[in-house]
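Chemist: Okay, here's the prediction I keep looking at, along with the sequence it came from:
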Amino acid sequence: EVQLVESGGGLVQPGGSLRLSCAASGFTFPTFWMHWVRQAPGKGLVWVSRINTDGISTTYADPVKGRFTVSRDNARNTVYLHMNSLRAEDTAVYYCVRDPGCSETSCADYWGQGTLVTVSS
Amino acid sequence: DIQMTQSPSFVSASVGDRVIITCRASQVISNWLAWYQQKPGKAPRLLIYAASILQSGVPSRFSGSGSGTDFTLTISSLQPEDFAIYYCQQANSFSWTFGQGTKVEIK
């Protein structure tokens, strides 16, 4: 069974840092691209970042570029999101998602349960 | 950046109704479009990918169509478990963009 389990969320002050982790199981992790998607309370889905299979290629949404870094450890079946210089507007549930390629397009076929990040003083 | 606009933002419908949700991209995205369903407090669920391919395990009352800039999600006969928020998502560029969501509520 495919599972994605996020951890690392919590309350952090503006300007602070957090590292989110997503532990994957039930599939061959090194062969899948992975993404992070966030959702502010009561709001819609917003894509944050993606990382390719070997971790060499990464892409970020403009609001987090230069502050967030995505990485992965294929030996540990884990993807990370390092978040620096956090702002109130980064408050959201952060989801880790798997991208299977979706018939040569791109989509999220499995989602974690999400981890809540709250940025507040 | 590619923008995705869903309409309507809100649908009030009854069990058994046919519901159509549309999604328009700000530029051509071929068939690089997916649809998701989200229920309160839960992670989204993939329904449709590549504009028209039904994800495994999704009931056949859901269908998707379109190409280029205009896409639709159709629920042929609304069931009680279908009341949720639906999002479209484009993946034509290196980044993803989601629509703002369409809430389907019970009439």
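Modeler: Received it, and whenever you're ready, just let me know what you need.
Chemist: and A:S120, what is it in contact with?
Modeler: The neighbours of A:S120, taking CB atoms under 8 Å, 6 or more residues apart in numbering or on different chains as the test, are A:11, A:13-14, A:88, A:91. No exception for glycine: its C-beta is placed from N, CA and C like everyone else's.
Chemist: Take those and keep only those in strands.
Modeler: Of the contacts of A:S120, the ones assigned to strands by DSSP state E are A:L11.
Chemist: secondary structure class for A:M34?
Modeler: Secondary structure, DSSP: H, G, I helix; E, B strand; the rest coil: A:M34 is strand.
Chemist: Excluding chain neighbours, give the residue nearest to the residue of chain B most remote from its centre in space.
Modeler: Ranking residues of chain B by C-alpha distance from their mean position (CA atoms, centre = their mean) puts B:F94 at the top, at 20.6 Å. On the basis of CB to CB, 6 or more residues apart in numbering or on different chains, the spatially nearest residue to B:F94 that is not a chain neighbour turns out to be A:T59, at 4.7 Å.
Chemist: Could you do A:D62 as well?
Modeler: Using CB to CB, 6+ apart, the nearest residue to A:D62 is B:D1, at 7.6 Å.
Chemist: again with B:Q100
Modeler: Leaving aside its sequence neighbours, B:Q100 sits nearest to A:G44 (CB to CB, 6+ apart; 5.3 Å).
Chemist: How about the contacts made by the one you found?
Modeler: When contacts are counted by CB under 8 Å, 6+ apart, A:G44 touches B:87, B:98-101.
Chemist: could you redo the last one with a cut-off of 7 Å?
Modeler: B:87, B:98, B:100-101 (CB atoms under 7 Å, 6 or more residues apart in numbering or on different chains).
Chemist: Specify the local secondary structure of the most centrally placed residue in chain B.
Modeler: Taking CA atoms, centre = their mean, the centroid of chain B lies closest to B:W35, which sits 3.8 Å from it. Assigned by three-state DSSP, the conformation of B:W35 is strand.
Chemist: Just the pLDDT at the residue lying closest to it once chain neighbours are set aside, thanks.
Modeler: With CB to CB, 6+ apart as the measure, B:I48 is the residue that lies nearest to B:W35, at 4.2 Å, once sequence neighbours are left out. At B:I48 the predicted local confidence, pLDDT, stands at 97.
Chemist: Any part of the host helix or strand of A:R50 near chain B?
Modeler: Using DSSP states H and E, A:R50 falls within strand A:45-51. Yes - against chain B, strand A:45-51 shows contacts by CB under 7 Å from any CB of the partner chain at A:45-47.
Chemist: Could I get those residues in CSV, plus columns for neighbour count and distance to B:T22?
Modeler: As requested, those are arranged in CSV below (neighbours: other CB atoms under 10 Å in any protein chain shown; distance: CB to CB, whole Å):
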residue, neighbour count, distance to B:T22
A:L45, 24, 18
A:V46, 17, 21
A:W47, 21, 21
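Chemist: Just confirm the residue nearest to B:F94 is within a helix.
Modeler: No - when classified by three-state DSSP, A:T59 is found to be strand rather than part of a helix.
Chemist: thinking again about what came up before, direction included, what does the helix or strand the residue nearest to B:W35 falls within pair up with?
Modeler: For B:I48, the enclosing helix or strand under DSSP H and E is strand B:45-49. In the sheet containing strand B:45-49, its partner strands are strand B:33-38 (antiparallel), strand B:53-54 (antiparallel), by DSSP bridges.
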